[in-house]
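Novice: sequence first, predicted coordinates after that:
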Amino acid sequence: MDEDVRVKHLLVVYHSRSGGTRAMAEAVLAGATDPAVEGVEVRARSPFEADVADVAWADGVILGTPAHFGYMSGALKDFFERVYESLLDRTRGLPWALFVKGRSDVDGAVSSVQRIVTGLAWREVQPPVTVVGEVTDADLDRCVELGGAMAAGLALDVF
Ligand SMILES: Cc1cc2nc3c(=O)[nH]c(=O)nc-3n(C[C@H](O)[C@H](O)[C@H](O)COP(=O)(O)O)c2cc1C
């Protein structure tokens, strides 16, 4: 790799109570850390741990959440509540993407995240990957693709 090319940073922030979103996250991380993509460092954080410094570090962000009561998880909401004010006008245009796991309906969870991120003026560069019900191998493949596409897009400066 050209040494003048800066390593890009991809932050993955996700929450999971019973493992479904975690399975998706692990697939996203597998895609993002595929050795075929050079020059991208990936950091995974719980929403309860992730802070303003993590987002400031990031050139791109992937968020993952279960659907809880028709909304994002309380954990991801906690993250936004802690970082939102500090990030306003500091992270405009940041490329981001979303994955959501639900039992019967994920639309409210998806739109709840999109609404908040719209306020930060980040750019959603991949369509959300959503799973309703059991996570299938095909779903995990879509998650691998999401992570790979985000990492490759950062590495190649296409966002
Ligand atoms: C408190 C709570 C609220 C939930 N609300 C919804 C909901 O509104 N819509 C839905 O489709 N699933 C809902 N579910 C189901 C979870 O989204 C689903 O089980 C998901 O797989 C959990 O992800 P996890 O395994 O990563 O924790 C809820 C689960 C819990 C525990």
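Specialist: That came in fine, so what should we check first?
Novice: do a quick rundown of the strands in this protein.
Specialist: Remark: strands assigned in the chain by DSSP state E are 8-14, 40-45, 60-66, 95-102, 123-124, 129-132.
Novice: what sits up against the last one?
Specialist: The one in question is strand 129-132. Residues from elsewhere that reach strand 129-132 (CB atoms under 8 Å, 6 or more residues apart in numbering): 20, 24, 97-106, 110, 139, 142-143, 146. To be clear about C-beta, it is placed using only N, CA and C from the backbone, and glycine gets the same treatment.
Novice: again, only using 6 Å
Specialist: The list of residues contacting strand 129-132 from outside it, by CB atoms under 6 Å, 6 or more residues apart in numbering, reads 99-102, 106, 139, 142-143, 146.
Novice: dump the C-alpha coordinates for that strand into PDB.
Specialist: Output of strand 129-132 as PDB, limited to C-alpha atoms (Å, rounded to 0.1, in the frame of the first residue of the first chain):
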ATOM      1  CA  VAL A 129     -29.800  -4.200   6.400                       C
ATOM      2  CA  THR A 130     -32.800  -5.500   8.400                       C
ATOM      3  CA  VAL A 131     -33.700  -8.900   9.700                       C
ATOM      4  CA  VAL A 132     -37.200  -9.800  10.900                       C
END
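Novice: picking that back up, Throw the strands of the chain into TSV and include distance to the ligand and mean neighbour count, thanks.
Specialist: Converted to TSV, the strands of the chain look like this (distance: least, CB to the nearest ligand atom, whole Å; neighbours: other CB atoms under 10 Å):
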stretch	distance to the ligand	mean neighbour count
strand 8-14	8	24
strand 40-45	14	18
strand 60-66	3	26
strand 95-102	3	25
strand 123-124	21	14
strand 129-132	6	20
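Novice: possible to save the contacts of strand 129-132 as a markdown table with pLDDT?
Specialist: As requested, those are exported to a markdown table (pLDDT from 0 to 100):
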| residue | pLDDT |
| --- | --- |
| 99 | 99 |
| 100 | 99 |
| 101 | 98 |
| 102 | 98 |
| 106 | 98 |
| 139 | 98 |
| 142 | 98 |
| 143 | 99 |
| 146 | 98 |
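Novice: closest one to residue 125 out of the residues you listed, please.
Specialist: Of all the contacts of strand 129-132, residue 146 has the smallest distance to residue 125: 10.4 Å, by CB to CB.
Novice: endpoints of stretch 49-66, how far apart?
Specialist: Distance across stretch 49-66, first residue to last, is 17 Å (CA to CA, to the nearest Å).
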